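Visitor: Let me see the structure of the following:
(2 chains)
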There are 2 protein chains.
Amino acid sequence: MKKVNVAEKFEQFSDHWNPRIVGELNGQQVKLAKLKGEFIWHSHKDEDEMFYIIKGKLKIEFRDKTIELNENEFFIVPRGIEHKPIAEEEVHVMLFEPATTRHTGEEKHRLTNNKQEFL
Amino acid sequence: MKKVNVAEKFEQFSDHWNPRIVGELNGQQVKLAKLKGEFIWHSHKDEDEMFYIIKGKLKIEFRDKTIELNENEFFIVPRGIEHKPIAEEEVHVMLFEPATTRHTGEEKHRLTNNKQEFL
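Guide: Residues are numbered from 1 along each chain as shown, chains lettered A, B, ... in the order given. Okay, the predicted model is just below:
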């Protein structure tokens, strides 16, 4: 039972596309990640995934449209939907997703990282 | 599949202790609430509850301590733990909790409100 200061947590790492777990509740995890550049197309078969923008601007491409998220906006990507996050400048994002969620979904890629790193 | 702007949602209501549902994922709900004054002591038997502070300062009393949360800080209240939120000035908070969560837990009170209000 400790409070979490999001800005302080972000000061503790600098690598991109490597989410850190900062909270767990009801089988879900709260993660913080720094994103920069293009991620890969992927989907999560059984998990909805929420992106909440703490800092910066995130584009998410879908097969039929592209959305742009600004600070204090969020988007829930439903399970099974292919998506590709793109951060032209560095973005700080808070993620909510089930503890079972794999980073790049069904894809295997050099960015795939299924370590469970707590911060 | 629509993005949610948190500030815009907060402009759409003004009452206190009456959370609005702004997102659903994996059996969980994302809610926004304005808090002012003292809530009641309660607990949620089977649900962990996350408070993320968007604006203002929230105190949460527990039986053995009191914590104070500032903007961009969050706290996860584990299931079964009695707590009492107190907002001396108005606070804007984002909540994450299972869709089954009842507002005042096992307590019945004039503040109890188990409507499911989507915004």
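Visitor: contacts, neighbours, all on C-alpha from now
Guide: OK.
Visitor: Quick check on A:Phe10: phi, psi?
Guide: Recorded main-chain torsions at A:Phe10 are phi -60, psi -30, according to degrees, to the nearest 10.
Visitor: A:Phe118 versus that one, what's the distance?
Guide: Counting by CA to CA, to the nearest Å, the gap from A:Phe10 to A:Phe118 is 13 Å.
Visitor: So for these two, which sits in the more crowded spot?
Guide: Comparing A:Phe10 with A:Phe118 by other CA atoms under 10 Å in any protein chain shown, the one with more neighbours is A:Phe10, at 16 against 10.
Visitor: Can you give the distance of stretch A:37-57 from its chain's centre?
Guide: Between the mean C-alpha location of stretch A:37-57 and the chain-wide mean there is a distance of 5 Å, by CA atoms, centre = their mean, to the nearest Å.
Visitor: Report the buried residues of that stretch.
Guide: Buried residues in stretch A:37-57, counted by 16 or more other CA atoms under 10 Å in any protein chain shown: A:39-44, A:47-57.
Visitor: need the contact list for the most centrally placed residue in chain A.
Guide: Central residue of chain A (CA atoms, centre = their mean): A:Leu95, 4.7 Å from the mean position. By CA atoms under 8 Å, 6 or more residues apart in numbering or on different chains, A:Leu95 lies in contact with A:Gln29, A:Val30, A:Lys31, A:Leu32, A:Ala33, A:Glu49, A:Met50, A:Phe51, A:Tyr52.
Visitor: what mean pLDDT does the helix or strand harbouring it have?
Guide: Assigned by DSSP states H and E, A:Leu95 falls within strand A:84-98. Strand A:84-98 shows a mean pLDDT of 97.
Visitor: cool, stretch A:18-29 as well?
Guide: 96.
Visitor: A:Ile40 against A:Glu82, yeah?
Guide: No. If you go by CA atoms under 8 Å, A:Ile40 and A:Glu82 don't touch, sitting 9.8 Å apart.
Visitor: partner residues bridging the residue nearest to the centre of chain A?
Guide: A:Lys31, A:Phe51 (DSSP bridges).
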